[in-house]
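>>> Fold the following, please.
(one chain, ligands or ions: 1)
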Amino acid sequence: MSNAHGEHLSFGVGAEGRRGCIEVVCGSMFSGKTEELLRRVKRARFARQRVLLFKPRIDNRYDDVKVVSHEGIKAEATAVSSSSELASFVDLERPGNDAHVVGIDEAQFFDDAIIDVVERFANAGLRVICAGLDQDFRGKPFGPMAALMSIAEYVTKLHAVCTRCGAVACRSQRLVGTEGQLFVGGAADYEPRCRRCFVPGVVDG
Ligand SMILES: [Zn+2]
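As a prediction, this is how the structure comes out:
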(Lines give C-alpha, C1' and ligand atoms only; values in the text may rest on other atoms or scores of the structure.)
Protein backbone atom coordinates (compact mmCIF):
# COMPACT_ATOMS: atom_id res chain seq x y z
CA MET A 1 0.00 0.00 0.00
CA SER A 2 1.23 3.47 -0.74
CA ASN A 3 -0.28 6.90 -0.48
CA ALA A 4 -0.96 9.30 -3.31
CA HIS A 5 2.33 11.08 -2.78
CA GLY A 6 4.58 8.22 -3.79
CA GLU A 7 5.71 7.25 -0.34
CA HIS A 8 6.06 3.57 0.52
CA LEU A 9 4.09 3.34 3.74
CA SER A 10 3.83 -0.41 4.09
CA PHE A 11 7.56 -0.74 4.48
CA GLY A 12 8.42 -3.22 7.18
CA VAL A 13 8.83 -6.90 7.94
CA GLY A 14 6.29 -9.26 6.42
CA ALA A 15 6.06 -13.02 6.64
CA GLU A 16 8.48 -13.33 3.75
CA GLY A 17 10.98 -10.87 5.18
CA ARG A 18 11.73 -7.23 4.83
CA ARG A 19 10.63 -5.72 1.55
CA GLY A 20 12.80 -3.08 -0.03
CA CYS A 21 11.85 -0.37 -2.46
CA ILE A 22 13.17 2.71 -4.21
CA GLU A 23 11.49 6.11 -3.92
CA VAL A 24 12.60 9.16 -5.90
CA VAL A 25 11.70 12.71 -4.91
CA CYS A 26 12.65 15.07 -7.72
CA GLY A 27 11.92 18.50 -9.11
CA SER A 28 13.47 21.90 -9.76
CA MET A 29 15.26 24.16 -7.32
CA PHE A 30 12.87 25.47 -4.64
CA SER A 31 10.38 22.65 -5.15
CA GLY A 32 10.84 21.30 -1.62
CA LYS A 33 12.71 18.08 -2.44
CA THR A 34 14.93 18.09 0.64
CA GLU A 35 12.01 19.01 2.90
CA GLU A 36 10.07 16.05 1.52
CA LEU A 37 13.05 13.72 2.01
CA LEU A 38 13.46 14.92 5.59
CA ARG A 39 9.73 14.57 6.26
CA ARG A 40 9.90 10.92 5.24
CA VAL A 41 13.07 10.38 7.26
CA LYS A 42 11.54 11.96 10.34
CA ARG A 43 8.49 9.72 10.15
CA ALA A 44 10.62 6.60 9.69
CA ARG A 45 12.70 7.52 12.73
CA PHE A 46 9.53 8.16 14.70
CA ALA A 47 8.59 4.55 13.87
CA ARG A 48 11.99 3.51 15.30
CA GLN A 49 13.44 2.54 11.95
CA ARG A 50 17.17 3.08 11.60
CA VAL A 51 17.86 5.69 8.95
CA LEU A 52 21.17 6.54 7.29
CA LEU A 53 21.31 9.84 5.40
CA PHE A 54 23.92 10.59 2.78
CA LYS A 55 24.86 13.53 0.61
CA PRO A 56 27.61 14.02 -1.98
CA ARG A 57 30.70 15.76 -0.70
CA ILE A 58 30.54 18.17 -3.63
CA ASP A 59 27.65 20.00 -2.04
CA ASN A 60 29.33 22.28 0.47
CA ARG A 61 26.73 24.99 0.22
CA TYR A 62 26.07 25.32 3.92
CA ASP A 63 27.89 22.68 5.85
CA ASP A 64 29.61 19.37 5.52
CA VAL A 65 27.75 17.03 7.82
CA LYS A 66 24.10 17.95 7.47
CA VAL A 67 21.44 17.70 4.83
CA VAL A 68 20.33 21.27 4.82
CA SER A 69 17.24 22.50 3.09
CA HIS A 70 16.66 26.01 1.90
CA GLU A 71 14.22 26.48 4.74
CA GLY A 72 16.90 25.58 7.24
CA ILE A 73 15.45 22.23 8.33
CA LYS A 74 18.42 20.12 9.27
CA ALA A 75 19.28 16.47 9.68
CA GLU A 76 22.59 14.73 10.18
CA ALA A 77 23.99 13.29 6.97
CA THR A 78 27.22 11.59 6.02
CA ALA A 79 29.07 13.33 3.18
CA VAL A 80 30.54 10.82 0.73
CA SER A 81 32.76 11.30 -2.33
CA SER A 82 31.38 8.46 -4.45
CA SER A 83 28.67 5.86 -4.67
CA SER A 84 31.17 3.15 -3.64
CA GLU A 85 32.01 5.10 -0.50
CA LEU A 86 28.29 5.38 0.20
CA ALA A 87 27.89 1.61 -0.28
CA SER A 88 30.71 0.95 2.21
CA PHE A 89 28.57 2.37 5.02
CA VAL A 90 25.83 -0.25 4.65
CA ASP A 91 26.37 -3.93 5.42
CA LEU A 92 24.00 -5.83 3.14
CA GLU A 93 24.91 -9.14 4.80
CA ARG A 94 22.92 -7.90 7.75
CA PRO A 95 20.22 -5.66 6.28
CA GLY A 96 18.49 -3.73 8.99
CA ASN A 97 21.53 -3.89 11.23
CA ASP A 98 22.94 -0.61 9.98
CA ALA A 99 19.80 0.79 8.41
CA HIS A 100 16.22 0.08 7.45
CA VAL A 101 16.00 3.25 5.42
CA VAL A 102 18.69 4.96 3.34
CA GLY A 103 18.13 8.58 2.32
CA ILE A 104 20.27 10.22 -0.36
CA ASP A 105 20.08 13.97 -0.89
CA GLU A 106 21.33 15.75 -4.05
CA ALA A 107 21.41 12.35 -5.78
CA GLN A 108 21.94 14.04 -9.16
CA PHE A 109 25.59 14.67 -8.27
CA PHE A 110 26.47 10.98 -7.81
CA ASP A 111 28.27 8.88 -10.40
CA ASP A 112 26.22 6.39 -12.43
CA ALA A 113 27.27 3.52 -10.16
CA ILE A 114 24.75 4.89 -7.66
CA ILE A 115 22.05 3.19 -9.75
CA ASP A 116 23.43 -0.29 -8.97
CA VAL A 117 24.09 0.62 -5.35
CA VAL A 118 20.50 1.76 -4.86
CA GLU A 119 19.18 -1.36 -6.59
CA ARG A 120 21.30 -3.63 -4.38
CA PHE A 121 20.07 -1.82 -1.26
CA ALA A 122 16.44 -2.27 -2.29
CA ASN A 123 16.96 -5.92 -3.25
CA ALA A 124 18.44 -6.53 0.19
CA GLY A 125 15.28 -5.18 1.81
CA LEU A 126 16.12 -1.54 2.42
CA ARG A 127 13.82 1.37 1.67
CA VAL A 128 15.89 3.84 -0.36
CA ILE A 129 14.74 7.43 -0.79
CA CYS A 130 16.65 9.49 -3.40
CA ALA A 131 16.06 13.23 -3.64
CA GLY A 132 17.53 15.37 -6.39
CA LEU A 133 17.21 17.71 -9.34
CA ASP A 134 15.67 15.90 -12.28
CA GLN A 135 16.90 18.53 -14.78
CA ASP A 136 20.09 20.52 -15.11
CA PHE A 137 20.37 24.17 -16.20
CA ARG A 138 19.85 23.10 -19.83
CA GLY A 139 16.59 21.38 -18.97
CA LYS A 140 18.22 17.98 -19.64
CA PRO A 141 18.12 14.90 -17.36
CA PHE A 142 20.60 15.43 -14.53
CA GLY A 143 23.20 12.70 -13.92
CA PRO A 144 21.75 9.39 -12.73
CA MET A 145 18.30 10.83 -11.90
CA ALA A 146 16.51 9.59 -15.03
CA ALA A 147 17.74 6.04 -14.47
CA LEU A 148 16.85 6.19 -10.78
CA MET A 149 13.34 7.34 -11.67
CA SER A 150 12.93 4.45 -14.09
CA ILE A 151 13.93 1.73 -11.59
CA ALA A 152 12.02 3.28 -8.68
CA GLU A 153 8.73 1.89 -7.38
CA TYR A 154 7.58 5.40 -6.51
CA VAL A 155 8.41 8.75 -8.09
CA THR A 156 7.29 12.06 -6.64
CA LYS A 157 7.81 15.05 -8.89
CA LEU A 158 7.57 18.31 -6.99
CA HIS A 159 7.12 21.74 -8.52
CA ALA A 160 8.04 25.28 -7.66
CA VAL A 161 6.41 28.55 -8.73
CA CYS A 162 7.79 30.38 -11.79
CA THR A 163 9.39 33.63 -10.65
CA ARG A 164 8.46 35.30 -13.96
CA CYS A 165 4.80 34.43 -14.43
CA GLY A 166 3.61 32.49 -11.39
CA ALA A 167 2.86 29.29 -13.30
CA VAL A 168 3.93 25.84 -12.14
CA ALA A 169 7.72 25.69 -12.51
CA CYS A 170 9.65 22.52 -13.35
CA ARG A 171 13.00 24.00 -14.41
CA SER A 172 15.92 25.78 -12.77
CA GLN A 173 17.12 28.95 -14.46
CA ARG A 174 20.78 29.74 -13.89
CA LEU A 175 21.32 33.40 -13.04
CA VAL A 176 25.12 33.52 -12.78
CA GLY A 177 27.76 32.44 -15.25
CA THR A 178 29.59 29.24 -14.33
CA GLU A 179 30.84 26.35 -16.46
CA GLY A 180 29.64 22.81 -16.19
CA GLN A 181 26.63 20.79 -15.13
CA LEU A 182 28.10 20.17 -11.69
CA PHE A 183 27.89 23.76 -10.59
CA VAL A 184 26.27 23.86 -7.19
CA GLY A 185 24.33 26.99 -6.61
CA GLY A 186 22.72 28.52 -3.64
CA ALA A 187 19.45 30.35 -3.47
CA ALA A 188 20.86 33.42 -5.21
CA ASP A 189 22.21 31.54 -8.26
CA TYR A 190 19.04 29.95 -9.61
CA GLU A 191 15.37 30.63 -9.84
CA PRO A 192 12.48 28.35 -10.73
CA ARG A 193 10.90 28.90 -14.16
CA CYS A 194 8.06 27.34 -16.10
CA ARG A 195 8.60 25.77 -19.51
CA ARG A 196 7.68 29.01 -21.29
CA CYS A 197 9.87 31.36 -19.28
CA PHE A 198 12.86 29.01 -19.06
CA VAL A 199 15.84 29.86 -21.30
CA PRO A 200 17.89 26.64 -21.58
CA GLY A 201 21.61 26.65 -20.86
CA VAL A 202 22.20 30.37 -20.61
CA VAL A 203 22.46 32.89 -17.87
CA ASP A 204 19.23 34.83 -17.87
CA GLY A 205 19.05 37.20 -14.94
ZN1 LIG B 1 6.75 31.30 -16.30
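
>>> Against the ion, how distant is Ile115?
32 Å (CB to the ion, to the nearest Å). The C-beta positions use only the backbone N, C-alpha and C, and glycine is treated the same way.

>>> Next up, the contacts around Gly103.
Contact partners of Gly103, counting by CB atoms under 8 Å, 6 or more residues apart in numbering, are Leu37, Arg40, Val41, Val51, Leu52, Leu53, Phe54, Val67, Ala77, Val128, Ile129, Ala131.

>>> so what's the residue most central in space within the chain up against?
The centre of the chain sits closest to Ala131, judged by CA atoms, centre = their mean, with a distance of 1.1 Å. Residues near Ala131 by CB under 8 Å, 6+ apart: Val24, Val25, Cys26, Lys33, Thr34, Glu36, Leu37, Gly103, Ile104, Asp105, Glu106, Ala107.

>>> Identify those among those that sit within helices.
Per DSSP state H, helices hold the following members of these: Lys33, Thr34, Glu36, Leu37.

>>> Return a ChimeraX selection command for the buried portion of those.
Applying 16 or more other CB atoms under 10 Å to the ones in helices among the contacts of Ala131, the buried members can be selected in ChimeraX as follows:
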select :33,34,36,37
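
>>> Just send the ones in helices among the contacts of Ala131 back as TSV, with distance to Ala99 too.
What follows is the ones in helices among the contacts of Ala131, written out as TSV (distance: CB to CB, whole Å):
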residue	distance to Ala99
Lys33	21
Thr34	19
Glu36	19
Leu37	15
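
>>> Let me have the ones in helices among the contacts of Ala131 in TSV, extended by distance to Cys165 and pLDDT.
As requested, those are arranged in TSV below (distance: CB to CB, whole Å; pLDDT from 0 to 100):
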residue	distance to Cys165	pLDDT
Lys33	22	94
Thr34	25	92
Glu36	24	96
Leu37	28	96
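
>>> Which members of the ones in helices among the contacts of Ala131 are the farthest-apart pair?
With CB to CB as the measure, no two of the ones in helices among the contacts of Ala131 lie farther apart than Thr34 and Glu36, at 7.3 Å.

>>> in this structure, which spans are strands?
With DSSP state E applied, the chain shows strands at 13-14, 17-18, 21-27, 51-56, 66-68, 74-76, 78-80, 101-104, 127-133, 154-158, 160-161, 168-169, 171-174, 190-193, listed in chain order.
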